[in-house]
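J.: Curious how this folds, go ahead:
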Amino acid sequence: MKSNPVKMNPSETELWNCENAFDFVCPRRWESLKHTESADIRYCEACSQNVYFCETPLEFVRQGNLGRCVAIRKEVTPGEVYTDYRMGGRTANPELRLAKYEREKDWWKAVLALDPAFNVEQIEDIRGKFEPHK
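T.: Residues are numbered from 1 along each chain as shown. You can find the predicted model right below:
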C-alpha cells in the first residue's frame, strides 16, 4: 500500500498513512475507532482497516513503512507540539511548556532520523519545523 501524502494533515490528527483520509468522513481520532482484541490496534469502520497505535518513533516508522495506518499520541502531533510552544500554549509555566516542546521535539527528531517512507510531504514539513537549518 502506497501512501498518498496529500491526504493527511498531521497538524489536525493523530492518525497517519491513511490513503482514504479525505475520500470520506474519516473519524481521524484514535478514541473514535472501534476497539479490537489488542489494546494497540483499533479498527476504522470508515476505511475498513486496522490502525496501529505507536508509542515510540521506531514503532511509528516501522508500521507506517509497512503501509499500515498508524496513530500516535495526540501530544506528539506536530500541530499540537509546535503550536503549543510557539503560540504560548495552554501551559502557563514557560519552563513546563519548553520542557514539553523539547520532549516532543526529541520524539520527532527520532522519527526523522529513521527516514520514514510514508507521508513524505508532511514529514518534510515537520523536518522544517524542528530542524529549520537543514
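
J.: how close does residue 119 sit to residue 59?
T.: As judged by CB to CB, to the nearest Å, residue 119 and residue 59 stand 15 Å apart. Quick note: C-beta positions are derived from backbone N, CA and C, even for glycine.

J.: These two: which is more packed in?
T.: Neighbours per residue (other CB atoms under 10 Å) separate residue 119 from residue 59, with residue 119 holding more: 23 against 15.

J.: pretty sure that one contacts residue 16?
T.: Yes. Using CB atoms under 8 Å, residue 119 is in contact with residue 16, at 5.6 Å.

J.: Which residue ranges of the protein form helices?
T.: 57-65, 78-86, 94-113, 120-130 (DSSP state H).

J.: Give me the helices and strands touching the longest one, please.
T.: So that's helix 94-113. Identification of packing neighbours for helix 94-113 by 3 or more CB pairs under 8 Å, 6 or more residues apart in numbering; DSSP states H and E yields helix 57-65, helix 78-86, helix 120-130.

J.: just the ones you listed: most buried one?
T.: Of the helices and strands packed on helix 94-113, the one with the most neighbours on average (mean count of other CB atoms under 10 Å) is helix 57-65, at a mean of 19.

J.: Quick one: mean pLDDT over it.
T.: Helix 57-65 shows a mean pLDDT of 96.

J.: Could you export it as CSV, CA atoms only?
T.: Below are the C-alpha coordinates for helix 57-65, written out as CSV (Å, rounded to 0.1, in the frame of the first residue of the first chain):
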residue,chain,number,x,y,z
PRO,A,57,9.2,6.7,16.9
LEU,A,58,10.6,3.3,15.9
GLU,A,59,7.1,1.7,16.0
PHE,A,60,5.6,4.6,14.1
VAL,A,61,8.1,4.4,11.3
ARG,A,62,8.1,0.6,11.1
GLN,A,63,4.3,0.3,11.0
GLY,A,64,4.0,3.2,8.6
ASN,A,65,6.7,1.9,6.3
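
J.: okay if I get the helices of the chain as TSV plus distance to residue 36?
T.: Below are these laid out as TSV (distance: least, CB to CB, whole Å):
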stretch	distance to residue 36
helix 57-65	15
helix 78-86	25
helix 94-113	25
helix 120-130	26
